[in-house]
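**Student:** Fold the following, please.
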Amino acid sequence: MSGGGTETPVGCEAAPGGGGKKRDSLGTAGSAHLIIKDLGEIHSRLLDHRPVIQGETRYFVKEFEEKRGLREMRVLQNLKNMIHEANEHTLPRCRDTVRDNLSQVLQRLQAANESVYRLQQREQERKKIHSDHLIASERQHKLQWDDFMKEQPNKRAEVDEEHRKAMERLKEQYAEMEKDLAKFSTF
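**Tutor:** Residues are numbered from 1 along each chain as shown. The predicted structure follows:
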């Protein structure tokens with residue numbers, strides 16, 4: 001770990017290159033100061049991890065931002081490549097295909113429209129013939145009905161005349177039968 005502080009040996013020895021003085025007793029004021037200083041360094045190395053954590057945090061953030069930036073750059077580059085591919089290759093192919101097929105589709109559509117128009121014409125002609133036939137038939141039936149109705153008074157008169165004659169014959173017949181019966185009733 002790199003704490004950033006200087007190391008001093010623990011105990012009564014002086015640091016190498018530190019002026020050549022030896023610490024010979026623990027009771028002097030200078031040695032107490034050194035012991036407190038050493039204890040502070042030991043404490044900061046063993047228990048105070050803030051500088052290390054801060055350094056690691058800065059390193060992590062830096063790496064994360066660099067990786068994120070690179071990832072975003074790759075995504076943007078991929079998008080740019082896709083757009084370029086679409087503009088340069090896909091769209092012209094689609095445009096050409098549409099142009100080629102659109103004329104065929106238009107020709108087929110016109111042919112279909114003409115066929116439908118002819119079918120509609122035939123259907124209209126068939127309906128017209130059918131309606132003309134119905135109208136003629138209706139006129140003929142009406143004429144027949146009118147003739148029938150004109151003949152009815154004559155036929156009724158004939159039937160009435162025949163009925164009257166039949167009634168007269170029956171009266172005559174019953175009258176003769178009564179005469180014959182009257183002859184036989186005298187016996």
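**Student:** Buried residues, stretch 46-54. List them.
**Tutor:** By neighbour count on 16 or more other C-beta atoms under 10 Å, the buried set for stretch 46-54 is empty. Using the backbone N, CA and C atoms, a C-beta is placed for each residue, glycine as well.
**Student:** Output it as CSV, nothing but the C-alphas.
**Tutor:** The C-alpha coordinates for stretch 46-54 follow below in CSV (Å, rounded to 0.1, in the frame of the first residue of the first chain):
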residue,chain,number,x,y,z
LEU,A,46,-3.0,0.6,10.6
LEU,A,47,-6.3,2.3,11.3
ASP,A,48,-6.7,5.4,9.1
HIS,A,49,-7.4,4.2,5.6
ARG,A,50,-8.9,7.4,4.2
PRO,A,51,-5.9,8.4,2.0
VAL,A,52,-5.7,4.9,0.5
ILE,A,53,-9.5,4.7,0.0
GLN,A,54,-9.5,8.1,-1.5
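**Student:** Arg126: neighbour count?
**Tutor:** Other residues near Arg126 number 10, with proximity taken as other C-beta atoms under 10 Å.
**Student:** separation between it and Tyr117?
**Tutor:** In this view, Arg126 and Tyr117 are 15 Å apart by C-beta to C-beta, to the nearest Å.
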